[in-house]
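>>> Here is a sequence with its predicted model. Questions after.
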Amino acid sequence: MLQQTQAERVVAPYEAFLSRFPTPAACAGVAAAEVVRMWSGLGYNRRALNLHRTATAMVAEHDGAVPSDEKALRALPGVGRYTARAVLSFGFGVDVAAVDTNGVRVLSRCVRGAPLGVGEAETLGDMLVPPGLSWEFNQTMFDLGATVCTGRSPGCAHCPLREQCEWARAGLPAPDPWRASPSVRSQSAFAGSDRQGRGRLVHALRNAAVRADQVPAACGWPDDPARSERIAAALVAEGFARWSSGSPPVLRLR
């Protein structure tokens with residue numbers, strides 16, 4: 001849930017989700033549609049589908065448990081390098097750096113004073129994790145990057161690492177090392193995008209099945225049926241939804 005969603009928005013859905021699905025087996029034991037419905041309000045709905053698939057894989061391949069091996073974690077649907085390392089650190093106490101955007105920003109500005117790729121940042125972070133303190137190290141990096149060493153207006157004047165910061169010691173020259181890092185990518189506008197129409201359609205499907213002739217309106221594009229049909233086809237191809245026979249056909253969550 002914390003992938004691309006702020007922590008304060010996650011707390012209530014997280015608690016509700018764990019109450020409904022306390023174990024991987026409980027999650028895997030329901031249809032994917034139930035997980036997608038529980039995901040309402042969090043956005044990036046593909047995460048819900050991947051979570052259900054991951055729970056199913058844990059039951060089938062790991063005796064219903066979360067694996068403690070990075071390679072096994074990375075093999076699960078929707079689990080990338082950051083998520084795998086976060087699970088290793090917070091779930092199993094492994095001394096690895098869970099490097100998110102905040103971590104890359106702090107490491108590139110403060111420690112290296114130069115742009116860093118994600119792999120470089122992970123290697124550097126691993127070197128800095130104090131033995132047995134990965135939880136504390138990673139939480140500190142998250143909080144420092146989120147509250148002080150921010151992207152738009154870093155609070156250098158009150159940063160606890162100002163005296164050690166390579167970028168600050170150099171006089172904060174342009175370009176910002178983090179801005180120049182290859183991991184920093186701008187995201188296209190959400191308003192009017194396919195992502196927006198896709199989210200609208202998934203939201204409609206959470207409440208009820210949608211007839212084929214209602215799909216354009218559900219996407220928010222009543223005058224663009226071709227675009228709406230493409231979004232619906234993508235949801236079917238990805239396993240979110242299926243067409244039921246009838247006249248007209250009906251789209252529903254799987």
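Here it is on my side, so go on. Please read these numbers as outputs of a predicted model, since none were measured by experiment.
>>> Would you mind listing where this structure has pLDDT under the threshold?
Where the chain drops to pLDDT under 70, the residues are 186-187.
>>> Domains of it: list them as residue ranges, please.
Recorded structural domains for the chain (assignment: automatic domain parsing) are 7-79, 101-169, 194-253.
>>> which one of the ones you listed lies closest to residue 86?
For these, the distance to residue 86 is smallest for domain 101-169, at 7.3 Å, taking Cβ to Cβ. For glycine as for every other residue, the C-beta is placed from the backbone atoms N, C-alpha and C.
>>> gap between that closest one and the chain center?
Chain-centre distance of domain 101-169: 20 Å, with Cα atoms, centre = their mean, to the nearest Å.
>>> Quick check: the closest residue to residue 100 other than its chain neighbours vs residue 26, distance?
Spatial nearest neighbour of residue 100, excluding adjacent residues (Cβ to Cβ, 6 or more residues apart in numbering): residue 82 at 5.5 Å. Relative to residue 26, residue 82 is positioned 26 Å away (criterion: Cβ to Cβ, to the nearest Å).
>>> Please say which of these two ends up with more neighbours.
When residue 82 and residue 26 are compared for neighbours, residue 82 comes out ahead with 19 against 14, by other Cβ atoms under 10 Å.
>>> Please name the residues that touch that one.
Listed by Cβ atoms under 8 Å, 6 or more residues apart in numbering, the contact partners of residue 82 are 3, 98-100, 118.
>>> that's a helix at it, yeah?
Yes - going by DSSP: H, G, I helix; E, B strand; the rest coil, the assignment for residue 82 places it inside a helix.
>>> And the longest helix belonging to the chain, how far out from the chain middle?
As far as residue count goes, and with DSSP state H defining each element, the longest helix of the chain is helix 46-61. Relative to its chain's centre, helix 46-61 lies at 15 Å (Cα atoms, centre = their mean).
>>> got the contact list for the helix or strand following it?
Next along the chain after helix 46-61, taking DSSP states H and E as the criterion, comes helix 70-74. By Cβ under 8 Å, 6+ apart, the residues outside helix 70-74 that reach it are 62, 66-67, 79-81, 83-85, 87-88, 96.
>>> and if you look at stretch 247-254?
31-33, 36-37, 205-206, 209-213, 215, 232, 235-236, 239-244.
>>> how far does it stretch from start to finish?
Using Cα to Cα, to the nearest Å, the end-to-end distance of stretch 247-254 comes out at 19 Å.
>>> ok, residue 62 - contacts?
If you count contacts by Cβ under 8 Å, 6+ apart, residue 62 has them with residue 72.
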